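**Q** Sequence and computational prediction follow.
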Amino acid sequence: MRTIISFAALFLSVIFMQLSSGGVGPLDALSGLALDFTTAQIGLLGSAHFLGFFIGCWWAPRLMGSVGHSRAFAALTAAGTIGLMAHMLVIDPYAWALMRVATGICVAGCYTVIEAWLQSKVTNESRGRTMGIYRVADMGASLVAQMMISVLEPASYVSYNILALICCAALLPMTLTKARQPETPTAPRLRPSLAIACSPLAAFGVVVAALSSSTFRMVGPLYGQQVGLAVDQIAWFLAAFVLGGALAQYPAGWLADKFDRRHVLIGLSGAAIICCIATALLPDLGRNGVMWAAFFFGLTSFPIYSVSAAHANDFAKNDERVELSAALMFFYAIGAIAAPLAASKLIEDFGPSAMFVMIAVGHAALILFGLTRMRARPTRGYRTRYVWSPRTSFIIGRLTKQSRDHDSPDSD
C-alpha cells in the first residue's frame, strides 16, 4: 500500500494515458469505416501511430533534458490532446495520419517521462512491487480501453472529445504532485546492431511480435466488421486478445526460465500459427468462436516479445542491457510501423482472412529462423531472469536491468 501511495500520481497518469491512447486506435478504424476511408487508408493510421511512437521514444529523453520532467509531460500531453480533438475538424485520412503521429509521440513521450521518474525513485527492495503494480495499471487500463469503443460512437466529435479529456486528465496527477522531480536521465544510445550481435533470433522475434500485436490492435476492428461483428462485439474481440496476452506472461515466463528459450519461441509461434489458420479457414466460427480465437491468439503471440528480450539478454553484458532494450524497441517499432499498412492492403485485396495469413507467415519464418539459429550456436550455460518487458519506451531497460543482472556472471 505504501508503494501504491508513493507512486500514485505516476500510476494514475499511466491509467489515464492508456485509456486515451488505447481507445483511439480502434475508434479510428471504426470511424474510418463510417467515413468511407479505404482499408489501406485505415491501416495507414495505425502505421502513423507507431511512427510517432518511435519519434517520441527517441525525442522525449532529450526534451526532458531541456525543460524537465513535468514540462515535458505537459507539452507531450498537449500534442496528444490536439491530435485527438482535431480529428473531427478535418475529415481526411492523411490529415488523420499526421494527428496519429502526434498521439504516438504523446504516448511514447509520456511513458518515457513516467518510467524515468519511476527509475529514479525505486529502490532494489521496492523494484519488484513497483513494477508489478505498474504492469497491472498499464494492462488493466489497456483492457478497459478496448471496451470503451462499445460506448463511443464512431466519427463523433463527442467520442474524440471524451478521449481528449481523458488525455488531459493525465496531466493532473503529474503536475500537482509534491514529489521532487528527479534528475534528468541521459538518453541511451540507439544501437540496433547490438541486438543483432547479441541474438539475431531475438531481433527477428520482436519484429514478429510487432507484426502480431500492432496488426491485431490497429487493423483487428476491420476484420471484426467484415466478419459481421457488432461494435460491442468488436470491443470484446480486442479485449479478449489483451486478456489472453496478460494471462500468458507468467506461464510463458516459467517455460522460458525452465527450457531453452528458442524452443519456447518456436512453440509459441507454432501455437500462434494454429490460431491464425483456424481463424482464417473457419470464417463461420460464430461470435464465441471468434472471441476464443482472439483470446488464444493473444495467449500465444503476446509473450514472444518478452521471451525474445530474455534470450537476447542471456548474451549481453550488464552494461549493455539498457542499450539492448532500446535496440529491441527499435526493431519492434519498425515492424509495428510496417505491419498495419501491409495487413490493411491485404484485407482490401484478398478479404479479412488475409490478415491472419500474413501473421501466420511471419510466425512460420520465425520458426524456420529459430531452427537455423539452433544449429548455428548452442544456448548459454546460464540464463538471466525472465522479465515481462513492457513495450513502452527506450528507457524501460533501466527499470528491468536490476532483475536481469541478478543471475548474471557479470554481477559478481
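**A** Nice, thanks for sending it over.
**Q** drop to CA atoms for contacts and neighbour counts, all remaining ones
**A** Will do.
**Q** What residue, apart from its backbone neighbours, is nearest residue 100 spatially?
**A** Leaving aside its sequence neighbours, residue 100 sits nearest to residue 49 (C-alpha to C-alpha, 6 or more residues apart in numbering; 4.8 Å).
**Q** Near the one you found, how many other residues are there?
**A** Neighbours of residue 49 under the rule other C-alpha atoms under 10 Å: 29.
**Q** Do you have the strands of the stretch 1-150 of the chain handy? List them.
**A** Using DSSP state E, counting those that start in this stretch, no strands are found in the stretch 1-150 of the chain.
**Q** for it, what are the low-confidence residue spans?
**A** 1-6, 124 (pLDDT under 70).
**Q** gap between the residue nearest to residue 100 and residue 24?
**A** For residue 49, the distance to residue 24 (C-alpha to C-alpha, to the nearest Å) stands at 10 Å.
**Q** Repeat that for residue 151.
**A** 13 Å.
**Q** Now residue 303. Its backbone dihedrals?
**A** Note on residue 303: its backbone torsions stand at phi -70, psi -10 [degrees, to the nearest 10].
**Q** Where does the closest residue to it other than its chain neighbours fall, secondary structure wise?
**A** Of all residues not flanking residue 303 in the chain, residue 249 sits nearest, at 5.8 Å (C-alpha to C-alpha, 6+ apart). Secondary structure from DSSP states H and E places residue 249 in helix 231-258.
**Q** Go through that helix and flag the buried ones.
**A** The neighbour-count check on helix 231-258 (16 or more other C-alpha atoms under 10 Å) flags 231, 233-246, 248-249, 252-253, 255-257 as buried.
**Q** Kindly report the same for stretch 46-66.
**A** 46-64.
**Q** What lies in contact with that stretch?
**A** Residues outside stretch 46-66 that contact it (C-alpha atoms under 8 Å, 6 or more residues apart in numbering) are 25, 71-72, 97-98, 100-110, 112-113, 184-187, 214, 218-219, 330, 333, 336-341, 393-394.
**Q** Mark which of the residues you listed are buried, thanks.
**A** Using 16+ other C-alpha under 10 Å as the burial test, those include 25, 72, 97-98, 100-110, 112-113, 184-185, 187, 214, 218-219, 330, 333, 336-341, 393-394 as buried.
**Q** Which members of the residues you listed are positioned in helices?
**A** Counting by DSSP state H, the part of the buried ones among the contacts of stretch 46-66 found in helices is 25, 72, 97-98, 100-110, 112-113, 214, 218-219, 330, 333, 336-341.
**Q** State the number of residues packed around residue 329.
**A** 31.
**Q** Pretty sure it sits against residue 391.
**A** Yes - if you go by C-alpha atoms under 8 Å, residue 329 and residue 391 touch, sitting 6.9 Å apart.
**Q** Now do the contacts for residue 150.
**A** Contacts of residue 150 (C-alpha under 8 Å, 6+ apart): 231-235.
**Q** at 6 Å instead, please
**A** 231-232, 235 (C-alpha atoms under 6 Å, 6 or more residues apart in numbering).
**Q** my guess is residue 383 contacts residue 314, does it?
**A** Yes - applying C-alpha atoms under 6 Å, one finds residue 383 in contact with residue 314, separated by 5.4 Å.
**Q** which of the two has more neighbours?
**A** residue 314 (24 against 21).
**Q** So the more buried one is in contact with residue 386, correct?
**A** No - contact criterion C-alpha under 6 Å: residue 314 and residue 386 do not qualify, at 9.8 Å.
**Q** Beyond the helix holding residue 249, next helix or strand please.
**A** Note on helix 231-258: by DSSP H and E, the next helix or strand toward the C-terminus is helix 261-281.
**Q** tell me which residues of that following helix are tucked away?
**A** Under the neighbour-count criterion of 16+ other C-alpha under 10 Å, helix 261-281 has 261-266, 268-280 buried.
**Q** Ok, stretch 343-361 next?
**A** Applying 16+ other C-alpha under 10 Å to stretch 343-361 flags 343-348, 352-360 as buried.
**Q** what does stretch 211-228 give?
**A** Using 16+ other C-alpha under 10 Å as the test for burial, stretch 211-228 gives 211-225, 227.
**Q** One more: stretch 167-174?
**A** So for stretch 167-174, counting by 16+ other C-alpha under 10 Å, buried means 167-171, 173-174.
**Q** where does the stretch 151-300 of the chain dip in pLDDT?
**A** Within the stretch 151-300 of the chain, the stretches with pLDDT under 70 are 177-187, 282-285.
**Q** nearest residue to residue 69 other than its sequence neighbours?
**A** Sequence neighbours aside, residue 113 is the residue nearest to residue 69 in space, at 6.0 Å (criterion: C-alpha to C-alpha, 6+ apart).
**Q** An error on my part: the question was meant for residue 246.
**A** Setting aside the residues directly before and after it, residue 246 is nearest to residue 139 in space (C-alpha to C-alpha, 6+ apart), at 7.1 Å.
**Q** and if you look at residue 369?
**A** Excluding the flanking residues, the one nearest residue 369 by C-alpha to C-alpha, 6+ apart is residue 201, at 6.9 Å.
**Q** quick one: what helix or strand has the nearest residue to residue 279 once chain neighbours are set aside in it?
**A** Take residue 279 and drop its neighbours on the chain: the residue closest to it by C-alpha to C-alpha, 6+ apart is residue 293, 6.6 Å away. Element membership for residue 293 (DSSP H and E) is helix 286-301.
**Q** If I take that helix and helix 261-281, what angle do their directions form?
**A** Angle, helix 286-301 to helix 261-281, by axes from the mean of the first three to the mean of the last three C-alpha atoms, to 10 degrees: 160 degrees.
**Q** chain center to helix 286-301: distance?
**A** 19 Å (C-alpha atoms, centre = their mean, to the nearest Å).
**Q** Could I get the CA-only coordinates of that helix as CSV?
**A** Only the C-alpha atoms of helix 286-301 are listed here, as CSV (Å, rounded to 0.1, in the frame of the first residue of the first chain):
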residue,chain,number,x,y,z
GLY,A,286,-19.6,-17.7,-34.7
ARG,A,287,-19.3,-15.0,-32.0
ASN,A,288,-18.0,-17.2,-29.3
GLY,A,289,-15.6,-18.9,-31.6
VAL,A,290,-14.1,-15.6,-32.8
MET,A,291,-13.7,-14.5,-29.2
TRP,A,292,-11.9,-17.6,-28.2
ALA,A,293,-9.7,-17.4,-31.2
ALA,A,294,-8.7,-13.9,-30.2
PHE,A,295,-8.0,-15.0,-26.7
PHE,A,296,-5.8,-17.9,-27.7
PHE,A,297,-4.0,-15.7,-30.3
GLY,A,298,-3.1,-13.2,-27.5
LEU,A,299,-2.1,-16.1,-25.3
THR,A,300,0.4,-17.5,-27.8
SER,A,301,1.7,-14.3,-29.5
